[in-house]
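Engineer: Provided below are the primary sequence and the corresponding predicted coordinates.
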Amino acid sequence: MHHTKCGVEAITHDELVDVFKKKVGQDASNVDFKLCKDARESVKDDVEAFKACPLVNPGTTFTGLMYDVDTGRVDVVCPSSST
């Protein structure tokens, strides 16, 4: 489940690297933070990644959801499907 108005949609990799340098004192320039610009597409990508993971038991069911922080509504982005 992802949510609307997510902060990672509004920050760039370089900005996040800068935050780490200032707050933690570490160089995170080589870290892939998996930032997304489209939360709905990210839900779809995450569901596919989970389904493809070899550690997931066969037959496990996944559903991709999106929570709207303004309305409280939860929408199905990816209907339930099994591995």
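Structural biologist: Received the coordinates, thanks.
Engineer: for the lengthiest strand in the chain, packing partners?
Structural biologist: For the chain, the strand with the greatest residue count under DSSP state E is strand 74-82. Secondary-structure packing of strand 74-82 (3 or more Cβ pairs under 8 Å, 6 or more residues apart in numbering; DSSP states H and E): helix 39-52, strand 61-67. C-betas here are computed from N, CA, C, even on glycine.
Engineer: who are the packing partners of the last one?
Structural biologist: Just to be clear, that refers to strand 61-67. Packed against strand 61-67 by the contact rule (3+ Cβ pairs under 8 Å, 6+ apart) you find strand 2-3, helix 39-52, strand 74-82.
Engineer: tell me who's in contact with the spatially closest residue to residue 20 that is not a sequence neighbour.
Structural biologist: Spatial nearest neighbour of residue 20, chain neighbours left out: residue 28 (4.0 Å); criterion: Cβ to Cβ, 6 or more residues apart in numbering. Each residue near residue 28 by Cβ atoms under 8 Å, 6 or more residues apart in numbering is listed here: 16-17, 20-21.
Engineer: need the contact list for the residue lying farthest from the centre of the chain.
Structural biologist: For the chain, the residue at maximal distance from the C-alpha centroid (Cα atoms, centre = their mean) is residue 25, at 25.2 Å. Counting by Cβ under 8 Å, 6+ apart, residue 25 makes contact with nothing.
Engineer: that one: what secondary structure?
Structural biologist: The local conformation at residue 25, judged by DSSP: H, G, I helix; E, B strand; the rest coil, is coil.
Engineer: now swap in residue 28 and tell me
Structural biologist: For residue 28, the reduced secondary structure class is coil; criterion used: three-state DSSP.
Engineer: for it, give its distance to residue 65.
Structural biologist: The gap separating residue 28 from residue 65 is 29 Å, by Cβ to Cβ, to the nearest Å.
Engineer: again, but for residue 21
Structural biologist: For residue 21, the distance to residue 65 equals 34 Å [Cβ to Cβ].
Engineer: likewise for residue 46?
Structural biologist: In terms of Cβ to Cβ, residue 46 sits 11 Å off from residue 65.
Engineer: so these two - more neighbours on which side?
Structural biologist: Ranked by neighbour count (other Cβ atoms under 10 Å), residue 46 and residue 65 place residue 46 first, with 18 against 14.
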